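Asks: this is a predicted model, with the sequence first.
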Amino acid sequence: MGNNGPLLPHPAMITKIVDETGDVRTFQVVFDDPARMENFSNKPGQVAQLSVFGLGEATISITSSPTRRGLLEFSVKKVGRLTTALHQLEEGCRIGIRGPYGNHFPYDQMVGRDILFIGGGIGLAPLRSLIDFILAEENRQRYGTVDIIYGARSADDLCFKNDIMERWPTAPRTVVHTTVDRGDRSWNGHVGFVPSYLEEINPEPENRIAITCGPPIMIKFVLQVLEKMGYTDQQIITTLELKMKCGIGKCGRCNIGSSFVCLDGPVFTLAQLKQMPPEF
Amino acid sequence: MPAILKKDKLQALLSGLSRAYKLVLPVRENGMTYFKPYQTGLAIDRDYINTAMSPKEFLFPQTEKMLSFKYREGAEILITGAEPQPEKLAVFGARSCDLAGIAALDPVFGGRFPDPQYSTRRDRVLLVGLGCRRASSTCFCRAFNIDPLSCNGADIAVVELEDCFSVEARTDKGHAQLANFSQLLGEDNSGTVETSLSGAREAIDTSFDGIPDPAGIKDFLDRQFELPYWENIASRCLGCGICTYICPTCHCFDIFDVTRGKPDGNRYRCWDSCMFPDFTGMAGGHNPRPTPKERVRNRFMHKLKYHLDRYEIGGCVGCGRCVEKCPVNLDIRQVINDINKLQGGEN
């Protein structure tokens, strides 16, 4: 017996851990129950609650695209109590997962458009689910060009190195523009902050959707640059992160005014955000 | 048409209910009235205006187990969801404001992701409302068009009149229960109930003292997020959270694991409060509501606007508990009056 409610996590095994940077790891997980794995049906941009039993839960965006069947990936930066505990786990360990929660990137409304991704640091994690969704063979022809502008503090802080260096640059009609705030001898790419690199590349707003996620300070200046370049509030999409416990609109803490980020977000257009109180 | 219950038959009704249900009823203890489990000889408090705690806790307990987790061979883990106690509960003496509070919680715990623990308790509970005979100095349910005599939302509505109680089933569940007590109930052949009810109506209506007018508040708050006024309120608020704990519509909760040093353990949820900084404080240090100003604003906005926006049902039911218990006398009625004045100044 026992309830089978929405707050109940389901056991999953960590099948692979990738060290992205000094403090970011990507966990590949598979549900113990194959039927649950099959039916999880997340959409790009959604989040899940990860349990480390005995410590609690944290809301983490699903970084893998649903076009990749049979596994989920979560990229986690070691920031607090729960994420530190996650980083201590090894391949073969069990965690709990419940979800998927929240809305998703409006990939249907983006059909036929050119897509500009602008990410900073671990902020690339939620964007990656949509990038891989669009670049998936079955979807690629429905979308225009893909530009990915990605930056981190240093070359060591770049996440998803295999994606940004190997996989994405070789995908059709896709350009990856990588930059680091501070260069060093090992780095022969672009050096500079993401917003100024965006201004330099200057992708035309016509028929393009811009999707950004990163540290608040980066987002602030990226938005200024995009507006200067002529992007409308409807053309700019971001994804938010607030403290969550339940993920299903009951525990009350992720509200921005009357909206709950867990139900109505985490994906919002800039037009939507401007209608909301600046409390995020 | 309400039936009549003679006053000396109340005990028999309660005793009968206690055989079919786990019955809780208002009992006075150390100067305060609480819902307590019925036992023979326990005196029901019939003079209380309202209980110290609303009956919310019977549907959404202050702390409840959600699940247990147990490690098995090969690092596998077994997760078992908790079930509420199987017993059926009857609440005798719920006031109209608190019934409105339950109506405000229903869409929160229902919706797209129904909460099984709340729903199970909600389906099983029998709510017996008791009409108010008088208002306290902090009562203001009338401000939100809640009728203290009506017991809207109850399965059975009871009103104490001069010589008897009027008893009326309002739901199928209520009808089914009352059918078991037909030998205790009489018909109102002489129209006594109607005459006495109008007396009760006058008694309650004249006992209210200063009801604020929230009519234009939401419209104003829809347009005004940044008000220096919230600084005034915040400068007095201690952030103790008592207003949220005793509020019949506050539903926020925390989730935490308890293991007592072993790998196996339980996960619980417990009431939480938007008055606490950690409520929204994130691991990286960011906090969208970093100071008392944002937190008091969130609470009052939730009561007067957000809940209405989201569920089309009021987030304040005028029970007055927060007014009575606030250690620094913050008074939501005064907040409503103050905002009305600000609104006047806007034009």
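Replies: Great, that's in hand. Residues are numbered from 1 along each chain as shown, chains lettered A, B, ... in the order given.
Asks: report how many residues lie close to residue B:83.
Replies: A total of 13 residues lie near residue B:83 under the criterion other Cβ atoms under 10 Å in any protein chain shown. For every residue, glycine as well, the C-beta is placed using N, CA and C.
Asks: quick check: chain neighbours aside, which residue is closest to the closest residue to chain A within the stretch 151-300 of chain B?
Replies: Each residue of the stretch 151-300 of chain B has a distance to chain A, by Cβ to the nearest Cβ, and the smallest belongs to residue B:283, at 2.6 Å. Counting by Cβ to Cβ, 6 or more residues apart in numbering or on different chains, residue B:283 lies nearest to residue A:80, which is 2.6 Å off, once chain neighbours are set aside.
Asks: what's that neighbour sitting at in phi/psi?
Replies: With angles defined as degrees, to the nearest 10, residue A:80 shows backbone torsions of phi -130, psi -160.
Asks: I'd say residue A:264 and residue A:104 touch.
Replies: No. The pair residue A:264 and residue A:104 fails to qualify as a contact (Cβ atoms under 8 Å) at a distance of 12.0 Å.
Asks: what are the phi and psi angles of the residue in the stretch 101-250 of chain A that chain B sits nearest to?
Replies: Ranking the residues of the stretch 101-250 of chain A by distance to chain B (Cβ to the nearest Cβ) places residue A:248 first, at 3.9 Å. Backbone dihedrals for residue A:248, given as degrees, to the nearest 10, come out at phi -130, psi 30.
Asks: contacts only, for residue B:273.
Replies: Residue B:273 makes contact with B:241, B:244-245, B:250, B:252, B:279 under the criterion Cβ atoms under 8 Å, 6 or more residues apart in numbering or on different chains.
Asks: how about the secondary structure of the residue lying farthest from the centre of chain B?
Replies: For chain B, the C-alpha lying farthest from the average C-alpha position belongs to residue B:74; by Cα atoms, centre = their mean, that distance is 46.4 Å. Of the three states, residue B:74 takes helix under DSSP: H, G, I helix; E, B strand; the rest coil.
Asks: how much space between it and residue A:92?
Replies: Shown here: residue B:74 relative to residue A:92, a distance of 9 Å by Cβ to Cβ, to the nearest Å.
Asks: domain ranges for chain A?
Replies: For chain A, the structural domains run A:10-101, A:114-239, going by automatic domain parsing.
Asks: for the ones you listed, give me CSV that also has mean pLDDT, distance to residue B:3 and mean neighbour count.
Replies: CSV is the format used below for the domains of chain A (pLDDT from 0 to 100; distance: least, Cβ to Cβ, whole Å; neighbours: other Cβ atoms under 10 Å in any protein chain shown):
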stretch, mean pLDDT, distance to residue B:3, mean neighbour count
domain A:10-101, 96, 48, 19
domain A:114-239, 96, 58, 19
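Asks: would a markdown table of those with distance to residue B:12 be doable?
Replies: Converted to a markdown table, the domains of chain A look like this (distance: least, Cβ to Cβ, whole Å):
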| stretch | distance to residue B:12 |
| --- | --- |
| domain A:10-101 | 48 |
| domain A:114-239 | 62 |
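Asks: and of these, who's closest to residue B:159?
Replies: Ranking the domains of chain A by proximity to residue B:159 (Cβ to Cβ) places domain A:10-101 first, at 45.1 Å.
Asks: gap between the closest one and the chain center?
Replies: Domain A:10-101 has its average C-alpha position 13 Å from the chain's average C-alpha position, going by Cα atoms, centre = their mean, to the nearest Å.
Asks: repeat for stretch A:217-226
Replies: Distance, centroid of stretch A:217-226 to centroid of chain: 17 Å (Cα atoms, centre = their mean).
Asks: what residues does that stretch touch?
Replies: The list of residues contacting stretch A:217-226 from outside it, by Cβ under 8 Å, 6+ apart, reads A:118, A:120-121, A:123, A:151, A:193-196, A:198-199, A:205, A:210, A:212-214, A:235-236, A:238, A:270.
Asks: returning to what we had before: specify the local secondary structure of the residue of the stretch 151-300 of chain B closest to chain A.
Replies: At residue B:283, secondary structure determined by three-state DSSP is coil.
Asks: who touches it in this structure?
Replies: Under the criterion of Cβ under 8 Å, 6+ apart, the contact list for residue B:283 reads A:58, A:79-83.
Asks: do the same with residue B:185
Replies: Taking Cβ under 8 Å, 6+ apart as the contact definition, residue B:185 lies against B:3-5, B:167, B:178.
Asks: turn the residues you listed into TSV, columns for secondary structure and distance to chain A.
Replies: Rendered in TSV, the data for these read as follows (DSSP: H, G, I helix; E, B strand; the rest coil; distance: Cβ to the nearest Cβ, whole Å):
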residue	secondary structure	distance to chain A
B:3	strand	38
B:4	strand	42
B:5	strand	38
B:167	strand	35
B:178	helix	31
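Asks: get me the contact residues on the stretch 51-200 of chain B for chain A.
Replies: Proximity of the stretch 51-200 of chain B to chain A is assessed by Cβ under 8 Å from any Cβ of the partner chain, with B:66-67, B:69, B:71, B:75-83, B:108-109, B:111-117, B:120 identified as the residues in range.
Asks: try 7 Å this time
Replies: Applying the criterion Cβ under 7 Å from any Cβ of the partner chain, the portion of the stretch 51-200 of chain B that neighbours chain A consists of B:66-67, B:69, B:75-77, B:79-83, B:108-109, B:111, B:113, B:115-117.
Asks: what about the helices in chain A?
Replies: In chain A, the helices defined using DSSP state H lie at A:34-39, A:81-87, A:124-135, A:161-162, A:194-201, A:216-229, A:261-264, A:270-275.
Asks: typo on my end, it should be chain B
Replies: Taking DSSP H, the helices of chain B run over residues B:10-20, B:96-109, B:116-124, B:172-179, B:192-205, B:217-223, B:229-236, B:242-245, B:292-301, B:307-311, B:321-325, B:332-346.
Asks: most proximal residue of chain A with respect to chain B?
Replies: Sorted by distance to chain B under Cβ to the nearest Cβ, the residues of chain A start with residue A:80, at 2.6 Å.
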